[in-house]
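>>> Just to be clear, the model below is a prediction. Sequence and coordinates:
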Amino acid sequence: MGTKIAARIAALAICATLVLPSPAQAAPGQPAPSIAVQLAVVLVAPTTLQVTVNAECSPWSAGEAIIDVIVDQALAGTTVATEGEGIISVPCDNTTHSVTVLVDGGPFMFGDANAFAQIIAGSSPAAMASDARKVVIGP
């Protein structure tokens with residue numbers, strides 16, 4: 001995983017710790033949220049990607065959760081990476097939702113990249129889950 005995305009993940013974790021009033025865990029007896037990034041990412045424009053994630057959270061988490069997706073891609077022939085980010089909400093209703101997140105940044109091109117997705121649901125206590133994986137950007 002690139003250093004930019006690793007730093008961004010650390011920053012998100014710190015922000016979640018500062019913003020959330022209690023530990024990022026599900027309440028006792030409540031299932032934790034889940035999130036999974038699909039491997040195929042669509043290049044919509046040089047600066048926009050469509051990333052699909054499957055996410056689920058319990059109704060106890062105040063109606064909806066926030067999903068944050070970050071993608072980074074090494075620039076060909078360099079040690080530099082480009083990155084983008086997108087945020088969307090999803091209902092917390094014990095149903096797995098397949099949602100498409102528009103990630104802006106880049107510029108991106110066809111090929112391999114790294115994706116990180118995090119879901120933050122509810123408060124007092126809030127719950128989080130994340131997924132990081134290599135993806136393929138295509139048409």
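Looks like it came in fine. Since this is a predicted model, take the numbers as computed values, not measurements. Numbers count the residues shown, from 1 in each chain.
>>> what's the distance between residue 82 and residue 66?
24 Å (C-beta to C-beta, to the nearest Å). For glycine as for every other residue, the C-beta is placed from the backbone atoms N, C-alpha and C.
>>> neighbour count winner among these two?
Neighbours were counted for residue 82 and for residue 66 using other C-beta atoms under 10 Å; residue 82 has more, 20 against 13.
>>> For the more buried one, list each beta-bridge partner.
Beta-bridge pairing for residue 82 (DSSP bridges): residue 73.
>>> Check the one 5 residues further on too.
According to DSSP bridges, residue 68 are recorded as the beta-bridge partners of residue 87.
>>> what do you get for residue 43?
With DSSP bridges as the criterion, residue 43 is bridged to residue 49.
>>> before we move on, what about residue 112?
residue 136.
>>> before we move on, what about residue 130?
Applying DSSP bridges to residue 130 yields these beta-bridge partners: residue 118.
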